[in-house]
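Participant: Quick one, what's the 3D model for this:
(chains A, B and C)
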Amino acid sequence: MVLRLEKRPTPSRFWLYATPPVAVLLTMVMGGLLFALMGKNPFEVIRTIFWDPIFGEFAFYLRGQLLVKAGPLILIAIGLALGFRAGIWNIGAEGQYIMGAIIGASVGLAVFPTESRWIFPAMVIAGAFGGWVWAMIPAILKTRFNTNEILVSLMLVYVAETILAKASTGFLKNPEGMGFPGSRNFSSYPAARNDFIYEPLGLHWGGVAALVTAVLAFILLTRHQVGFQIRLAGQAPRAARFHGVNPARLVVLCMGISGALAGLAGLFEVAGPAGQISIDFNTGYGFTAIIVAFLGRLNPLGIVLAGFLMALTYVGGEMASTNLGLPDAAIQVFQGMLLFFLLAVDVLTNYRFRLAVGAH
Amino acid sequence: MDIGGINPVILIATLMASAVPILLAALGETVVERAGVLNLGVEGMMVIGALGGFVVAVQTGSPVLGFVGGAVAGAVLSLIFAALTQVFLANQVATGLALTLFGLGVSSLGGQGYNGIKPPSTGQLLPDALADLPVVGPIVFGHDWVVYFSILMTAVLWWVLKSTRVGLIIRAVGESHEAAHALGYKVNRIRLLCIAFGGAMAGMGGAYLSLVRVPQWVDGITAGAGWIALAIVVFASWKPWRVLIGAYLFGGITVLQLNLQVAGSIIPVEYLSMAPYLITILVLVIMSAGRKANGAPAALGQNFHASR
Amino acid sequence: MTELLRVDGVTKAYPGVVANSDVSFAVSEGEIHALLGENGAGKSTLVKMIYGLVRPDSGAMTLRGAPYQPAKPAEARRLGVAMVFQHFSLFEALNVAENVALGMENPPPMRELAAKIRAVSEEYGLPLDPSRMVGDLSAGERQRVEIIRCLLQDPKLLIMDEPTSVLTPQEVEILFRTLRQLASEGTAILYISHKLEEIRTLCDEATILRRGKVVATCTPRDRTAREMAELMVGAVLKTPERRPGAKGAVALGVSDLSVASPIPFGTSLKGVSFTVAKGEVLGIAGVAGNGQDELLLALSGELRSGADRIRIDGQPVGDLGPVGRRRVGLVAAPEDRYGHAAAPDMSLVENAFLTAGVRRGLTKNGFVDWAGTRAFAEEIIKAYDVRTPGPDVAARALSGGNLQKFLMGRELMQGAAVIVINQPTWGVDAAAAAAIRQSILDRAGEGAAVVVISQDLDELLEVSDSFAVLNAGRLTKPRPVEGLTMDEIGLMMGGAHGMEVAHHVG
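Facilitator: Predicted coordinates:
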């Protein structure tokens, strides 16, 4: 008796929705084993990560932190998902996030200490522009020279990180910072500050942007012709050309959207929670967003849920780190595992397992 | 005979060594891609190999066992990729990325407590009498065994892929899995073995970083080397000797860039350290421009499921 | 003659389909045995079991009296069973010798193998250069690679799956001589086809399959093609009716069209010129790989050319993409259903929108009118008798014939002035094929200009008013179908690509 995979005639709707929760459960089990191996009480760790931030003693504060972390993840992941849907693999969101932050922050810092209500909107536009420009490099190289966008966008992350280092020690360094690296802090510059709109929920302009974007992206994918073209290009590229899709335009569009959204996320972060440009300002949101995009099944509404779940692992992970001494890297492993289980369970959407006799 | 404060003989000798990690990883990935599989997890397998190699070498005191450990660690991680893509038919791009994220996480978790330790050193293979010869000494005779091993592997893989039945089958599976299946070849099994081989090579490459190049354990030690290895495979049009040339080219750029930093060049340090990445992009552009089919295996990145 | 292979009560079921049900027949040494049946009758599954690619659920096979149950193709090959596939068994980027070596158990060193290939190919009148890249070979030459791969292993039973669908009439002649020579040397041949005339000229015995069951065995020479066709289909066949409409003004004009092929190992179009009048059906024949796919791409708008190269009702459209051409009035149906004409994982509704959005007005300000699209999909399903649980199932869930009916309906129901179709009935059962041909003729009768590209000569002769051949990317001058002989068609198709050599008769 052998287990055999067999293609379903029509994708399973049940597994389409059941895959993420099953993957999360499997990850909790395996993650629990991992934590046990590290000498921690697995139940305590899982509770600290998944329960305490929402219902625990410090939930009043941590609940707000959830949206703070989920906002940028959702914003970036939606952009990535549009590209992934179309078979365009922008892996360099981290670089676009950094460039958005640098260019957006530059606009604000250039006019310091002017006070005007146009400064923050101008920074937002500049941030989106920064991410867009950085994403246009792989997009144009791909359409012009057929260069692999995965490798180019990734290389540009390392380039962006060097520019970030240069910015925080050089051209954006705080002149009153007594020689320490890092820019002026936006928290003391009200006109350029990304303030909380409603602090108990952790809602700042980035969170608003993320939720609005999710709704718009959902409408785009399900109702609009461009959304249809994005889905078609990813599933059947030749059918897309037959439909009339111009592949080069689609690459520019999808890379542009994802770059601009990543840039926006970077700007909201630097002007808000992070407060300043510093060498280690980026915390890997651009990479984690890849997991969020897949966990949300490349569906904008799913991504909102996935973004909150991933934020939970960050917030809860920090708790576990301070309270239980769980290393930060363990959370990274946990997130990687989640993506693995998701990809594995996903097979059930299009295939089913059958017991078969013999080798054929 | 220094030029601008840089001795060309030393430069060549150093670049051969500095190219070893990407050369080994890129050779492994060449085999994987020739079999039609795109494993973007090279960076993750390298970093796991770097840690695995380091831990084994430190625990046993034997650098050779360290390299074996690195290879095993890389291969084990690659088997996750193999299981997901060959058994569960998961998307290869997504799985490769997951492998990199996971590998970086696991290595940083497992590497705690190994910071600041010096690994047993891997010495020069041949006697000083040879290595001290002028010019040819440092370039030809002055290396450790892994440098020679990497060159040997280039030759072996070239021969295997070009002239042996195993190589022919690997190429056939990468060209058309349907045709290979119709002739009775076990496509997914062959691919699985290639993936494991690629993992082992990437793991060894990573181990060379932590045991020889750096040599100590640092978080995220690979710093994009795995991605550069992937780019080199494209640069090399999936041909082993060209992989060697590509790796040496990048080795040269890295060494030159470091030497310029040390020599106090007028170009700011930050821009110099960007150079390898920018040049990778440039080379990708040059190699990809104007050519639709530049020798890429026809079935690259596609999963195979025998329906009937 | 001694019995070589006996198949006894073999059954094989897949989820939802019984591919073979209690199938029995026998083949003797030196016999050319036809396995006849429509697409989906279970021929392929049956031979895959004999070749060890698929295992039967029940039943038994014997080879030379001994129980025969190959677990894999290698085992079948070792026991002297060889197979020439219809698709999917050659590697384009490898050379002839490498392709041959991959199909052998213990191939000799390459140099020796190359010499052997030359010798065997000469002996059987199938010349081949072992060092050539398979991707550069014509369809007929590729088939030779497969045949020689089999012959080198000295097979006792040679299975051939639809071997003539890719050959010119002259190449078919050469192949038949080779097969007769092999049979006279004692090799048994299991010949799978649905082409009845061929079977009548070549085969000694025939087993006829319908819906997975053996419905008859006969000696083809003693039966008429029509009798066998009715056994195969299980119904009396209707030939499509042609409504003799008056031919009108030129609707589609193509002049000196040259485009480079975007397909690896493809064929570029070189100076293609033709016109099609309103109400006329132009049939374009040619062996696979002579530029058919490229011609469709160039006409559909996926490949662009100079504006004046293609005109619809006198209006230059060569520089327009697919959307622009649909708007002007040209619809096209590519050959490959799974991935080109349709997105297999998308629903029929979404696939209806794929091409019909423009002409059926299914978008408003860029937003898709899904309700309207669904209504159109339902309309197609009804008008073309598409068997499906509903418009929301994925395209891949439909059988080839049903999906093709849906896709034909999608294009034909858009009221276009010019219709271009590549392989309208490829892999479609006879009843569906007849329906599709009828609807093509109906549209022409209503005044549409139709271009049908096909490799099935019978089909073209049935539906076309004029006839041309694509050969190495060039199109012959179209000629009226009336009065055209098979010999003339063969010459138009470029004979046997200059590869004919003296045949040794064994």
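Participant: For stretch C:388-397, which outside residues touch it?
Facilitator: Under the contact criterion CB atoms under 8 Å, 6 or more residues apart in numbering or on different chains, stretch C:388-397 has outside partners A:9-11, C:337-338, C:342-349, C:351-352, C:374, C:377-378, C:381, C:398, C:402-403, C:406. In this view, the C-beta of every residue, glycine as well, is placed from N, C-alpha and C.
Participant: pull the CA atoms of it into PDB?
Facilitator: Backbone C-alpha positions of stretch C:388-397 (Å, rounded to 0.1, in the frame of the first residue of the first chain) are rendered in PDB as follows:
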ATOM      1  CA  THR C 388     -20.200  20.400 -17.400                       C
ATOM      2  CA  PRO C 389     -21.700  20.600 -13.900                       C
ATOM      3  CA  GLY C 390     -21.900  24.300 -14.400                       C
ATOM      4  CA  PRO C 391     -20.000  27.400 -15.400                       C
ATOM      5  CA  ASP C 392     -18.000  27.600 -12.100                       C
ATOM      6  CA  VAL C 393     -15.900  24.500 -12.500                       C
ATOM      7  CA  ALA C 394     -12.200  24.800 -13.500                       C
ATOM      8  CA  ALA C 395     -11.500  24.400 -17.200                       C
ATOM      9  CA  ARG C 396      -9.100  21.600 -16.400                       C
ATOM     10  CA  ALA C 397     -12.000  19.500 -15.000                       C
END
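Participant: For that stretch, buried residues please.
Facilitator: C:388, C:391, C:394-397 (16 or more other CB atoms under 10 Å in any protein chain shown).
Participant: can you list the weak-confidence ranges in chain A?
Facilitator: A:1-2, A:356-360 (pLDDT under 70).
Participant: if we can go back for a sec, could I get the buried residues of stretch C:388-397 as a markdown table with pLDDT and secondary structure?
Facilitator: What follows is these, written out as a markdown table (pLDDT from 0 to 100; DSSP: H, G, I helix; E, B strand; the rest coil):
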| residue | pLDDT | secondary structure |
| --- | --- | --- |
| C:T388 | 87 | coil |
| C:P391 | 94 | coil |
| C:A394 | 91 | strand |
| C:A395 | 92 | helix |
| C:R396 | 88 | helix |
| C:A397 | 85 | helix |
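Participant: Which member of those residues is positioned nearest chain A?
Facilitator: Proximity of these to chain A, judged by CB to the nearest CB, is greatest for C:A397, which lies at 3.7 Å.
Participant: Pull up the residues of the stretch 151-300 of chain B that are close to chain C.
Facilitator: By CB under 8 Å from any CB of the partner chain, the residues of the stretch 151-300 of chain B that approach chain C are B:163, B:165, B:168-169, B:171-172, B:175-176, B:178-180, B:182-185, B:292-293, B:297-298.
Participant: Which members of these are classed as buried?
Facilitator: When these are checked against 16+ other CB under 10 Å, the ones flagged as buried are B:168-169, B:171-172, B:175-176, B:178-180, B:182-185, B:297-298.
Participant: residues near the one residue in the stretch 1-150 of chain B that gets nearest to chain C, how many?
Facilitator: Residue nearest to chain C within the stretch 1-150 of chain B: B:R34 (10.9 Å; CB to the nearest CB). The number of residues packed near B:R34 is 26, by other CB atoms under 10 Å in any protein chain shown.
Participant: Provide a list of residues in contact with B:P63.
Facilitator: Contact partners of B:P63, counting by CB under 8 Å, 6+ apart, are B:57, B:119-122, B:211.
Participant: And A:E6, how far from B:A82?
Facilitator: Taken as CB to CB, to the nearest Å, the spacing of A:E6 relative to B:A82 amounts to 21 Å.
Participant: With C:S255 instead?
Facilitator: The spacing between C:S255 and B:A82, counted by CB to CB, is 54 Å.
Participant: Return the member of the buried ones among the residues of the stretch 151-300 of chain B next to chain C nearest to A:P273.
Facilitator: For A:P273, the nearest member of these is B:P297. The distance, counting by CB to CB, is 45.5 Å.
Participant: Does the closest one touch B:E33 like I think?
Facilitator: Yes - when contacts are counted by CB atoms under 8 Å, B:P297 is listed as touching B:E33 (6.1 Å).
Participant: C:T11 belongs to a strand, doesn't it?
Facilitator: Yes - looking at C:T11 with DSSP: H, G, I helix; E, B strand; the rest coil, it is inside a strand.
Participant: tell me the phi and psi of C:L179?
Facilitator: phi -70, psi -40 (degrees, to the nearest 10).
Participant: For the stretch 251-360 of chain A, which segments count as strands?
Facilitator: Under the criterion DSSP state E, counting those that start in this stretch, the stretch 251-360 of chain A contains strands at A:351-356.
Participant: Up against chain B, what does it have?
Facilitator: Those residues of the stretch 251-360 of chain A that sit near chain B, judged by CB under 8 Å from any CB, are A:287, A:290-291, A:294, A:327, A:329-337, A:339-340, A:343-344, A:346-347, A:350-351.
Participant: If we use 6 Å, what do you get?
Facilitator: For the stretch 251-360 of chain A, the contact set with chain B under CB under 6 Å from any CB of the partner chain comprises A:290, A:294, A:327, A:329-330, A:332-333, A:336, A:339-340, A:343-344, A:347.
Participant: can you name the two of those residues that are farthest apart?
Facilitator: Going by CB to CB, the two entries of those that are most distant from one another are A:P327 and A:V347, at 31.7 Å.
Participant: of these two, who's got more company?
Facilitator: For A:P327 versus A:V347, neighbours defined as other CB under 10 Å are more numerous around A:V347 (19 against 16).
Participant: longest helix of chain B?
Facilitator: helix B:240-263 (DSSP state H).
Participant: so after that helix, what's the next helix or strand?
Facilitator: Scanning forward in sequence from helix B:240-263, with DSSP states H and E defining helices and strands, the next element found is helix B:269-288.
Participant: Distance to chain A, secondary structure and neighbour count for the contacts of B:P63 - can I get that in JSON lines?
Facilitator: Supplementary listing: the contacts of B:P63 in JSON lines, determined by distance: CB to the nearest CB, whole Å; DSSP: H, G, I helix; E, B strand; the rest coil; neighbours: other CB atoms under 10 Å in any protein chain shown:
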{"residue": "B:A57", "distance to chain A": "21", "secondary structure": "helix", "neighbour count": "27"}
{"residue": "B:P119", "distance to chain A": "21", "secondary structure": "coil", "neighbour count": "23"}
{"residue": "B:P120", "distance to chain A": "25", "secondary structure": "coil", "neighbour count": "16"}
{"residue": "B:S121", "distance to chain A": "28", "secondary structure": "coil", "neighbour count": "11"}
{"residue": "B:T122", "distance to chain A": "27", "secondary structure": "coil", "neighbour count": "21"}
{"residue": "B:L211", "distance to chain A": "21", "secondary structure": "helix", "neighbour count": "30"}
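Participant: Isn't the residue of the stretch 1-150 of chain B closest to chain C up against B:G174?
Facilitator: Yes - applying CB atoms under 6 Å, one finds B:R34 in contact with B:G174, separated by 4.9 Å.
Participant: sorry, back to before: out of the contacts of stretch C:388-397, which are inside helices?
Facilitator: When helices are assigned by DSSP H, the members of the contacts of stretch C:388-397 inside them are C:348-349, C:351-352, C:374, C:377-378, C:381, C:402-403, C:406.
Participant: near chain B, which residues of the stretch 251-400 of chain C?
Facilitator: Proximity of the stretch 251-400 of chain C to chain B is confined to C:P264 under the rule CB under 6 Å from any CB.
Participant: Apply 10 Å and report the result again.
Facilitator: By the criterion of CB under 10 Å from any CB of the partner chain, the positions of the stretch 251-400 of chain C lying close to chain B are C:262-265.
Participant: got any ranges where chain C has weak pLDDT?
Facilitator: Counting by pLDDT under 70, chain C shows low-confidence ranges at C:1, C:16, C:87-88, C:235-246, C:494-506.
Participant: picking that back up, by how many degrees do the longest helix of chain B and helix B:269-288 diverge?
Facilitator: Regarding helix B:240-263 and helix B:269-288, their directions subtend 160 degrees when assessed with axes from the mean of the first three to the mean of the last three CA atoms, to 10 degrees.
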